[in-house]
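Student: Okay, structure incoming, though there's no sequence with it:
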């Protein structure tokens, strides 16, 4: 589904990302781990054509992302709060995204009912603008908005950060469910090794912009990762 | 203790993002400041003689008569522009500082604000002239000190009002009504207010009264702050009660409607954009300077077109020049969603057009100055719609200033709005229509001048699709640079 080749990003002489080749097949739930500055967000930003690669290219479903925009209808993402529109209420925001992705209000409402548990009564009908929600609740809105419009590729940067324990557990089951759907490719990054090993079938470790591990998740994976990061 | 505060203050000043502006802008800013200082000084020295020459009576009495409006205008300007001193207190709360010292410092800082000492440039020379002209020195000093105290009172009144719109707007409304009453000679507030100011001169020691009021207000503000220095009290950020709005009537416009809905909410719900709307309303009255012949330099007929363009284009200029910066806080979202630039731009374009038409209708009062004046506005509007609407959208692509929608900071100009490309684009926006009009006016007759400008506008309108494609290309080319620029918080 996603394929990158000779992908590098250099800022002021410093290489922050250097991935020779990476292929993520359709339907895979893909986890990206690494310390701060390892290049996780840079990689995701390149996938979304938010920054230009220094060399190389990213191909999403046979479309090179920095040449054509045809990848946008089937790709969705939540990277950070710059994906939220602060002066809208959560409902308005969902409908706005829905309209951009060709979903009627009814479609969006239907999707949202599936996330009532996840919202825990703190999102819908709160008479608050997004900018006035807590960080955790903002995140919930952003994550659920990325599910609108049946995207085939979902990119979530640090989805577990800032969430309370209950929501983390709920999010894990949501992502797992998405992972079982062979039509949807999920890309998740995280600092939390336990979370990623639980929800992803494949884990790639980035260190200083380079891939140092590429593991199919098994019962041993968590130990292997912990060993790597403690050394 | 104060050493720490001063250090922090020093760093926050010199490390502020806005401080690192380019040299050209710094020079411009210095010239701007100098200009105002000179104007104020000139007014301070000259107003005595101007008032006397025009037979407006005793200069001091004249100033005292209208100073009440000056004072209230001052509150108004402070309310709009002066920053509250609380902003940087939060990180200090849990540190071993004495609370009253933090308050003391924050309030003390406001005393040195430009909004306080700027008035001195007028009142000091004015007072000196008064003494030279043989007014009782003691009286002048009393008067001067009294008035200065009143300006400082404004400083603390503004702090205590602390963005309470419910107090502020009624106050402004009352003043506006009083002003109108005075103009039509129904009721004259100054009859009651000027004796107070005269008293400072006649009985110098009464200047103590405003000083006492100032001290009272200072302690009021002090206590107010100290008691409210909790995260859930005075330092709490206010949350508006949100109401979801559908605007289903816009659905018929398809994707364009989606953006229009969003833009209407953007304007309605953010402080910064509301200011823009107010500013474009003020622009409606800009033409008065031209059509009342009150400024000699503007007497030339070609200036009429200039006025017409500004009267109808207030919103066009103040909103349009910051497209796409209005969406800066969520630009990455826009760029990764399935969005056609054309629809995005069209929505902004329609908004500008609608606002231009509304401004043109509202400015119908220029008919009072004759058909000629209103015609200039209409012609200006046609040119705005046909040509300037594209140019601002085009220029906006180069102004990569992230906008903080929730604050009014930088609402009145910004360094990045001054770059070569945008300056070049102002040429066709303002100079070209004036030149076209001048051509018609001087070669044939004034009607031909109007006709030429209007025709240029209509011609521009015909090229809409072509120009939009061109602008789209610019937006695409600038995409990454824009994204990067918006990342850097203002």
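Tutor: Cool, got the structure. Note that this is a predicted model, so its numbers are computed, not measured.

Student: Can you point out the buried residues in stretch A:92-102?
Tutor: Across stretch A:92-102, burial judged by 16 or more other Cβ atoms under 10 Å in any protein chain shown covers A:92-101. Backbone N, C-alpha and C define where each C-beta goes, glycine included.

Student: of those residues, closest to residue B:183?
Tutor: residue A:92 (44.4 Å; Cβ to Cβ).

Student: can you confirm the closest one is in a helix?
Tutor: Yes. Under DSSP: H, G, I helix; E, B strand; the rest coil, residue A:92 sits within a helix.

Student: wait, it sits on residue B:245?
Tutor: Yes. Counting by Cβ atoms under 8 Å, residue B:245 is a contact partner of residue A:92 at 7.2 Å.

Student: Could I get the contacting residues of residue 65?
Tutor: With no chain named, the answer covers chain A. A:46-49, A:57-59, A:71 (Cβ atoms under 8 Å, 6 or more residues apart in numbering or on different chains).

Student: I was thinking of chain B, sorry if that wasn't clear
Tutor: B:190, B:194.

Student: How much space separates the nearest residue to residue B:203 once chain neighbours are set aside from residue B:364?
Tutor: Distance criterion Cβ to Cβ, 6 or more residues apart in numbering or on different chains; nearest residue to residue B:203, sequence neighbours excluded, is residue B:142 at 7.6 Å. Taking Cβ to Cβ, to the nearest Å as the measure, residue B:142 and residue B:364 are separated by 49 Å.

Student: remind me, longest helix of the chain?
Tutor: Since no chain was named, I'll use chain A. Criterion DSSP state H: the longest helix present in chain A is helix A:165-180.

Student: my question was about chain B
Tutor: helix B:23-53.

Student: okay, and for the stretch 251-400 of chain B, where does confidence drop off?
Tutor: Residues of the stretch 251-400 of chain B meeting the criterion pLDDT under 70: B:293-299.

Student: Apply 50 and report the result again.
Tutor: Applying pLDDT under 50 to the stretch 251-400 of chain B picks out no residues at all.

Student: related to what we said a few turns ago, does the helix or strand hosting the residue nearest to residue B:203 pack against any helices or strands, and if so which?
Tutor: If you go by DSSP states H and E, residue B:142 is part of helix B:137-161. With contacts defined as 3 or more Cβ pairs under 8 Å, 6 or more residues apart in numbering or on different chains; DSSP states H and E, helix B:137-161 has these neighbours: helix B:59-81, helix B:99-111, helix B:114-117, helix B:120-132, helix B:190-202, helix B:208-227.

Student: Which residues belonging to that helix are considered buried?
Tutor: B:139-159, B:161.

Student: Just checking, which helix or strand succeeds it along the chain?
Tutor: Taking DSSP H and E, what comes next after helix B:137-161 is helix B:165-183.

Student: residues in contact with that next one?
Tutor: Helix B:165-183 is contacted by residues B:69, B:72, B:75-76, B:79, B:161, B:187-190 when judged by Cβ under 8 Å, 6+ apart.

Student: my guess is residue B:382 meets residue B:460, correct?
Tutor: No. Taking Cβ under 8 Å as the definition, residue B:382 is not a contact partner of residue B:460, at 9.2 Å.

Student: So these two - more neighbours on which side?
Tutor: For residue B:382 versus residue B:460, neighbours defined as other Cβ atoms under 10 Å in any protein chain shown are more numerous around residue B:382 (24 against 21).

Student: Nearest spatial neighbour of that one, chain-adjacent residues omitted?
Tutor: residue B:457 (3.8 Å).

Student: Could you do residue B:367 as well?
Tutor: residue B:374 (4.8 Å).

Student: host element of that neighbour?
Tutor: Going by DSSP H and E, residue B:374 is part of helix B:371-383.

Student: what's that helix in contact with?
Tutor: B:287, B:291, B:304-305, B:307-313, B:356-357, B:359-360, B:363-364, B:366-367, B:433, B:446, B:450, B:453-454, B:456-458, B:460.

Student: Separate out the buried members of the residues you listed.
Tutor: Using 16+ other Cβ under 10 Å, the buried members of the contacts of helix B:371-383 are B:287, B:291, B:304-305, B:307-313, B:356, B:359-360, B:363, B:366, B:433, B:446, B:450, B:453-454, B:456-457, B:460.

Student: give me every residue that touches residue B:265.
Tutor: Here residue B:265 is in contact with A:87-88, A:92, B:245 (criterion: Cβ under 8 Å, 6+ apart).

Student: Quick check: phi and psi on the most centrally placed residue in chain A?
Tutor: For chain A, residue A:156 is the residue whose C-alpha lies nearest the centre (Cα atoms, centre = their mean; 1.3 Å). With angles defined as degrees, to the nearest 10, residue A:156 sits at phi -120, psi 120.

Student: SS state for the spatially closest residue to it that is not a sequence neighbour?
Tutor: Leaving aside its sequence neighbours, residue A:156 sits nearest to residue A:188 (Cβ to Cβ, 6+ apart; 5.1 Å). Of the three states, residue A:188 takes strand according to three-state DSSP.

Student: For residue A:188, name its beta-bridge partners.
Tutor: With DSSP bridges applied, residue A:188 shows beta-bridge pairing to residue A:31, residue A:156.

Student: Distance check, it against residue B:480.
Tutor: Relative to residue B:480, residue A:188 is positioned 25 Å away (Cβ to Cβ).

Student: Comparing these two, which residue is more hemmed in?
Tutor: Neighbour totals were compared for residue A:188 and residue B:480, and residue A:188 leads with 26 against 15 (other Cβ under 10 Å).

Student: wouldn't the more buried one be in contact with residue A:24 here?
Tutor: No. Contact criterion Cβ under 8 Å: residue A:188 and residue A:24 do not qualify, at 11.6 Å.

Student: Which residues are in contact with each of those two?
Tutor: residue A:30.

Student: Which elements pack onto the helix or strand containing residue B:346?
Tutor: Under the criterion of DSSP H and E, residue B:346 resides in helix B:341-362. Helix B:341-362 sits against helix B:255-269, helix B:271-283, helix B:303-312, helix B:314-320, helix B:371-383, helix B:389-396, helix B:464-487, with contacts defined as 3+ Cβ pairs under 8 Å, 6+ apart.

Student: what's the spacing between that helix and its chain's center?
Tutor: Relative to the centre of its chain, helix B:341-362 is centred 22 Å away, using Cα atoms, centre = their mean, to the nearest Å.

Student: again with stretch B:455-468
Tutor: 31 Å.

Student: mind listing what's buried in that stretch?
Tutor: B:455-457, B:460-461, B:467-468.

Student: try stretch B:467-476
Tutor: Buried-residue list, stretch B:467-476, by 16+ other Cβ under 10 Å: B:467-468, B:471-472, B:474-475.

Student: Buried only: go through the contacts of residue A:65 for me.
Tutor: A:46-49, A:58-59, A:71.

Student: which residue ranges form the helices in chain A?
Tutor: A:40-47, A:90-100, A:105-113, A:116-119, A:135-145, A:165-180, A:193-199, A:221-230.

Student: Rebuild those helices as CSV, extending it with distance to chain B and mean pLDDT.
Tutor: As requested, these are exported to CSV (distance: least, Cβ to the nearest Cβ, whole Å; pLDDT from 0 to 100):
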stretch, distance to chain B, mean pLDDT
helix A:40-47, 8, 93
helix A:90-100, 4, 91
helix A:105-113, 8, 93
helix A:116-119, 15, 90
helix A:135-145, 9, 94
helix A:165-180, 19, 91
helix A:193-199, 22, 91
helix A:221-230, 28, 90
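
Student: among these, which is nearest residue B:131?
Tutor: helix A:135-145 (61.3 Å).
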